[in-house]
Every structure is written in C-alpha cells, then in structure tokens.
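> next input, structure requested:
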Amino acid sequence: MTALLLAAVLAVQPADLRDAESVTRLLASLRAADPAVCELAGRALTNFGGWGGWNGDEPMPTPMPIPMPMPFAHRGPSIAVGGPRTRTMMSAPALGAFRAALRDPSHCVRRIAARVVAREEPAWAVAEFTALAKDAAAGYREMGLLGLGELEDRATLGTITNGLGDKDVAVRAMAAWALGELELVESVPALGRALADPAPLVRRRAAWALGQVESASAVPLLRGALRDSDGDTRRTAVWALGEIEDPSAVEALAPLMTDSDARVRRMAAWALGEIESSRAVPVLAPLVRDADRDVKLTALWALGEIESSDGVATIAPALKDADAGVRRMAAWALGEIESASAVRHVTPLLNDADADVRAVAAWALGSIESLSALPALEAAKDDRAPTVRRAVQWAIAQIDDRR
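Okay, here's the model as predicted:
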C-alpha cells in the first residue's frame, strides 16, 4: 500500500500531464489501485477546483465560529498576497487520454478524468459531457453531470435538471449537486421537488444546492426539509437557510432548538448567527444552556453576531460556566454587542483563573467603551499575564478616547 501510494503521488506531478503516454500509465495504475489510493491521487490531481462538494455526503462546510479578535495588538490584519496558482496547459494528446478515460471501467478513474477535462475546458467538453449525461449506462450519466457541474455553463441547465428524474440515485444526486454549482435561481423549483426524493442523499444534495443558489424563494421549500426524517438532510437544510440569510427563516428554525441531533441544533445556531436578526435572540436562549458544549459555544457566537442588546441577559449566565471556553465566548459576544448594561456582568471576569478569559473580558470592556469599566480595568493593569496586560491597556485607551 505504501509503495503504491508513493507511486501514485509521484505520478500526478504536473510535468507528467503533458505527455499522453504518462497519463495512460497513470490511469492504468490507478485503475488497479486500492480505492483509497485512487481517491488520494485524485485529490492531488484535481485540487484546483477542490474535491469535496460532490464526493461526500456533507458538501457544506461545518460551521466553525472563530470569534476571537485581537484588536489590542495595534497591527492591521495579515493578508496573504499572491497571484493565482499557475498550471501548465495540457497537450491535446494528454487531454485525449483523459477524454477516453471518461468511459473507464473504474468509477474513480472516470471521476478524475471528468474533473481534469472540466478544468481544462476544451471546446468539445460541453458536447462530450452532455452526451455522457444521456448515456444508457448510469455510471456514465453520473460523470456527464459531474463534468457539466464543473463547467458551470448555464446553457446546460436543462440537461442537468433532467438528471433529477433519473432512475439511478447516484445520477439524481449528481444532478442536484451540479445545479448547485450553476447557482441559478431558475433551478429552485426543480430542486424544491427533489427535496421530496425517496433517497436521503438526493434530498441532502438538493438542500445544499438551494443554499448555493442563495435565493429567498427557496426558504418556503427548505422549511419542509427541516422536518425530514434524515438528520443529515435536516442539517443541510438548516445550513442552506443560513447561507440564504433571510430573516423569514428565524421562526422556521425555532423548533430545531430541541432537535434530538446535537449537530442539527448547532447548525441551527450557526444559521441564526448568519441571518443576524434580533428576532433570533429568544430562539437561541435555550441553546445557551444546551448540554452539548459545541452547541452552547455556537449559540453564544450567534448572539454576538446578532449584536442585539436584548441578548445581554441571555448571555450573562454563561459568564459563570465551569468551562473556560464558554466563559470566553460569552465575554466575546458581550463585547460584540457593545451594551453598557453588560459591564457589570463582564468586570468580574478580569479576575478569572483563566488568562484567556481575562484577556477577552478586557477586550470586551474596551469594545463597550463605558467609563464605568475604568476602575476595574485600572486594577487589572498589573495582571501576571502579558496578553491580559496588553488587552487591559488597549481597553483603557479605547475608553479614554471617549472622555
């Protein structure tokens, strides 16, 4: 396995792709390889456009709130500067080898070939993938839709939409994914119908695609998916509503605060944070007390994102949580809200046992900019932790600027 994996990694270096014979040898080795090796090689070979969306059951990103700012460092944001990744254009014979592999017996090899061809965008690609999408073999139809999705050509909308009616589950799922790649509002009705597909995978992909389209017209359709019997479909529908960011979804998400699946509850909290409507504050309140730590943290993050003073009373009890991470997130959220009513809740955290909590508390007080916080901040100027002292100094300077 190790030797084969090494050979596969070496084989997918860009220089090999200029030569048709090298491509043919590469694909032959991957055809005989362990599926895991073939997939790893495929990731390396097609990483220009990413591998994930159509290749797994979870095409949406997992919400990972990272709310901790460092405004007291007195530095601007770090920005990576660089041009687009360059690649060597593939020779016509080499590209022809990948074209032939679109009908390879190996599903993995076909998938790699479809990604590479779509990335190169030859003049014949649309016609080739359209023909595949209408082939008698389901495996070829799936690859045709994959290629059309990668090309993102709105002229192929009809062909892709027809794939939602295919008798094969994998083909229907790929059609839903491809419509998400097109991101056309015209596909919303068809994707809404796909939310009733008997296969959970198709329903999940349809919900994901509606999130990609980001049209408010999809909100009523996704509401029904929030009651889907499949937890992953419910979670994907919640993600989609978060992507759409329409305030009308707040009431629809409210019942999910008691969903039996913690991942669904967490995604619901994330979505409400993305929507940023003050109407979500009472909806999020139960999740601040959730038994699941990640759910609790995400709910606090969401309240910080919403920035409504109505959230102060909801967040305040979390400042006394036994978990330092929860206390830290609660302090951050109150700093984001910037309500003077939060000062009395945050100042005790300047004496917290955790230095990170003390630093965030100081930042929050500086963000609120209330003169009432100065005595507590002055008392914390000699904190034993350098990060806390810097945060305190920054906070005092922020408040002094308002005098």
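> how about the helices in the stretch 51-200 of the chain?
Applying DSSP state H, counting those that start in this stretch to the stretch 51-200 of the chain gives helices spanning 92-100, 107-120, 125-133, 138-151, 157-162, 169-182, 188-194, 200-213.
> okay, those helices in CSV with mean neighbour count, mean pLDDT and distance to Ser308 next?
Where you see a C-beta, it was placed from the backbone N, CA and C, and this is true even at glycine. Shown next, in CSV, are those (neighbours: other Cβ atoms under 10 Å; pLDDT from 0 to 100; distance: least, Cβ to Cβ, whole Å):
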stretch, mean neighbour count, mean pLDDT, distance to Ser308
helix 92-100, 18, 91, 53
helix 107-120, 23, 91, 44
helix 125-133, 20, 97, 48
helix 138-151, 25, 96, 39
helix 157-162, 18, 98, 40
helix 169-182, 26, 96, 32
helix 188-194, 19, 98, 31
helix 200-213, 26, 96, 25
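> will you turn those helices into CSV that also has distance to Trp363?
Formatted as CSV, the helices of the stretch 51-200 of the chain follow (distance: least, Cβ to Cβ, whole Å):
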stretch, distance to Trp363
helix 92-100, 53
helix 107-120, 44
helix 125-133, 52
helix 138-151, 44
helix 157-162, 48
helix 169-182, 38
helix 188-194, 42
helix 200-213, 33
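> any stretches of this protein with poor pLDDT?
In the predicted model, the chain carries pLDDT under 70 at residues 1-18, 47-89, 401-403.
> so which of the helices of the stretch 51-200 of the chain gets nearest Thr233?
Closest to Thr233 of these, according to Cβ to Cβ: helix 200-213, at 4.7 Å.
> mind checking how far the closest one is from the chain centre?
Averaging C-alpha positions (Cα atoms, centre = their mean, to the nearest Å) puts helix 200-213 14 Å from its chain's average.
> neighbouring contacts of the next helix or strand after it?
Remark: after helix 200-213, the chain's next helix or strand is helix 219-225, criterion DSSP states H and E. For helix 219-225, the surrounding residues in contact (Cβ atoms under 8 Å, 6 or more residues apart in numbering) are 188, 191-192, 195, 203, 207, 210, 233-234, 236-237, 240-241, 244, 246, 248-249, 252.
> which parts of the following helix or strand past helix 219-225 are buried?
Per DSSP H and E, the first helix or strand lying C-terminal to helix 219-225 is helix 231-244. In terms of neighbour count (16 or more other Cβ atoms under 10 Å), helix 231-244 has its buried residues at 232-244.
> angle of helix 231-244 against helix 169-182?
Interaxial angle of helix 231-244 relative to helix 169-182 (axes from the mean of the first three to the mean of the last three Cα atoms, to 10 degrees): 10 degrees.
> any idea how far Pro286 is from Val109?
Remark: distance between Val109 and Pro286 (Cβ to Cβ, to the nearest Å) = 49 Å.
> let me redo that: Ser309
20 Å.
> and Pro247, by the same measure?
According to Cβ to Cβ, Pro247 and Pro286 sit 20 Å apart.
> about what we covered before: distance to Gly147 for the buried residues of helix 231-244 - can I get that in TSV?
Shown next, in TSV, are these (distance: Cβ to Cβ, whole Å):
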residue	distance to Gly147
Asp232	26
Thr233	26
Arg234	30
Arg235	28
Thr236	24
Ala237	27
Val238	30
Trp239	26
Ala240	24
Leu241	30
Gly242	29
Glu243	25
Ile244	27
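> quick one, phi psi at Phe382?
To be clear, residue 382 is Asp; Phe isn't right here. phi -100, psi 30 (degrees, to the nearest 10).
> contacting residues for it?
By Cβ under 8 Å, 6+ apart, Asp382 lies in contact with Arg389.
> fine, thanks again, bye for now.
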